[in-house]
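Colleague: Make a model of this:
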Amino acid sequence: MSFYLLILMAFSMVTGTLITISSSHWLLAWTGLEINTFAVIPLMTQKYIPRTMEATIKYFIIQTTATATLLFASISNAWILGQWEIQQMTHPLPLTMIYLALALKLGLAPVHTWFPEIIQGLTLPLGLILSTWQKLAPISLMLQLPEHELITTLSLLSIMMGGWGGLNQTQLRKILGYSSVSNLGWMLLIFQYDTDTAFLIFCAYVIPAFFLFFTFWLNQTTSINALSTSWTKTPLLSATIPLILLSSGGMPPLTGFALKWVVLSELADHDLELMALTAALSALLTLYFYLRLSYALILTTPPNNLPTTLPWRINFQQPMMFLAICATLALCLLPMTSMLTEA
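Modeller: Residues are numbered from 1 along each chain as shown. Here you go, the predicted structure:
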């Protein structure tokens, strides 16, 4: 893909997201979602191989189904109540359909199985885009919708299925996909009680996700077995990755612990102890497969550990300052959590 076409697709993707975020009318929001979807598809097909094309076609079908359901629900609401405004979606049947359509676009359980499969067929930079930027538009629509008991069900299922699905995986992209499902569940769990804290939790997920996706891309590692040779390529990054993984899993005293701590304390304040206990126990599943990755990184060595078979260390030409900033934020923001949540 040429540089100018790449800039055009990136600009269209950003424009579609901003249109959806800034709109209060369902037709305008639907238009932004469609622009966003059609802008990212050419980026996905840069590698013309069967696995990538399969992932692209699956993504197109899933996103088209979700947006068609969203459009049908908004038309039904306009037919029943005569309202096209997003905040006026008050009829229970169209509202339920909208939430299910947005859950399908986000990859929330129980309609999450497409997301790890598509991530597996794409490159790591595109997987990062699908895991972070592509979530903003549907989340902004959820922010404007009235509260619904379906949010709690979707969030708890996402936390449990995200942890359960990543247990038996050996491919890093699928593990990161299930991690995205689980972290989105944590964000939605507090979404209807404190939207500012939910956005903070989303940012606390994006920072480690950028570091992990970008580091695995630089190391050219796509499976757990390949992690055992990472220390010969990038020793400093290989020492940092386990800390980032444990932070994403919620291990204190790292930043990721704040994600779980704030959500559980907010649920306890609303007398939802059973829900908080279920979420906390489900988080142990996510922490387990993060520990698997950490074990493969720092406690294993390749079988033929000879200087002639080890790869040369990578001489990075890209600026690494932003990666260093993400690593610092992912590890050291815990003392500032109370100040950020109060603000």
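Colleague: From now on I want contacts and neighbour counts done on CA atoms only, so please keep to that.
Modeller: Fine.
Colleague: Tell me where the model's unsure across the stretch 1-150 of the chain.
Modeller: Scanning the stretch 1-150 of the chain for pLDDT under 70 picks out the ranges 1.
Colleague: which residue ranges form the helices in it?
Modeller: 3-22, 26-44, 50-81, 92-106, 114-120, 124-131, 136-144, 150-165 (DSSP state H, counting those that start in this stretch).
Colleague: can you list these in a markdown table and add distance to residue 193 and mean neighbour count?
Modeller: As requested, the helices of the stretch 1-150 of the chain are exported to a markdown table (distance: least, CA to CA, whole Å; neighbours: other CA atoms under 10 Å):
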| stretch | distance to residue 193 | mean neighbour count |
| --- | --- | --- |
| helix 3-22 | 20 | 17 |
| helix 26-44 | 24 | 20 |
| helix 50-81 | 24 | 18 |
| helix 92-106 | 17 | 21 |
| helix 114-120 | 27 | 22 |
| helix 124-131 | 24 | 20 |
| helix 136-144 | 11 | 19 |
| helix 150-165 | 11 | 23 |
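Colleague: what about residue 197, how many neighbours?
Modeller: Here the number of neighbours of residue 197 (other CA atoms under 10 Å) works out to 21.
Colleague: Quickly find the element holding it.
Modeller: helix 195-219 (DSSP states H and E).
Colleague: For that helix, enumerate the helices and strands it packs against.
Modeller: helix 124-131, helix 172-189, helix 235-249, helix 256-269, helix 321-332, helix 337-342 (3 or more CA pairs under 8 Å, 6 or more residues apart in numbering; DSSP states H and E).
Colleague: count of neighbours near the nearest residue to residue 251 once chain neighbours are set aside?
Modeller: Distance criterion CA to CA, 6 or more residues apart in numbering; nearest residue to residue 251, sequence neighbours excluded, is residue 257 at 5.4 Å. For residue 257, the neighbour count with other CA under 10 Å is 21.
Colleague: List the residues that contact residue 257.
Modeller: Residues in contact with residue 257 (CA atoms under 8 Å, 6 or more residues apart in numbering) are 247-251, 334.
Colleague: For residue 287, see how far away it is.
Modeller: Distance from residue 257 to residue 287, counting by CA to CA, to the nearest Å: 11 Å.
Colleague: what residues are shared contacts of the two?
Modeller: Residues touching both residue 257 and residue 287 (CA under 8 Å, 6+ apart): 249-251.
Colleague: want to try JSON lines for those residues, with neighbour count and pLDDT as columns?
Modeller: JSON lines is the format used below for the shared contacts of residue 257 and residue 287 (neighbours: other CA atoms under 10 Å; pLDDT from 0 to 100):
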{"residue": "249", "neighbour count": "26", "pLDDT": "83"}
{"residue": "250", "neighbour count": "22", "pLDDT": "80"}
{"residue": "251", "neighbour count": "18", "pLDDT": "81"}
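Colleague: could these go into JSON lines alongside distance to residue 166?
Modeller: Shown next, in JSON lines, are the shared contacts of residue 257 and residue 287 (distance: CA to CA, whole Å):
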{"residue": "249", "distance to residue 166": "12"}
{"residue": "250", "distance to residue 166": "16"}
{"residue": "251", "distance to residue 166": "18"}
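Colleague: Output the next helix or strand along the chain from the helix holding residue 197 in PDB, but only the C-alpha positions, please.
Modeller: The first helix or strand that comes after helix 195-219 along the chain, using DSSP H and E, is helix 224-227. Extracted in PDB, the C-alpha atoms of helix 224-227 (Å, rounded to 0.1, in the frame of the first residue of the first chain):
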ATOM      1  CA  ILE A 224       4.700 -18.800  23.600                       C
ATOM      2  CA  ASN A 225       7.500 -21.100  22.300                       C
ATOM      3  CA  ALA A 226       9.100 -18.100  20.500                       C
ATOM      4  CA  LEU A 227       9.200 -16.100  23.800                       C
END
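Colleague: what's the next secondary structure element after helix 224-227?
Modeller: That would be, after helix 224-227 and using DSSP H and E, helix 230-233.
Colleague: tell me what that next one is packed against?
Modeller: helix 235-249, helix 273-298.
Colleague: Now do residue 49 against residue 171, distance only.
Modeller: As judged by CA to CA, residue 49 and residue 171 stand 19 Å apart.
Colleague: And those two? Which one has more around it.
Modeller: Counted by other CA under 10 Å, residue 49 and residue 171 do not tie: residue 171 has more neighbours, with 17 against 10.
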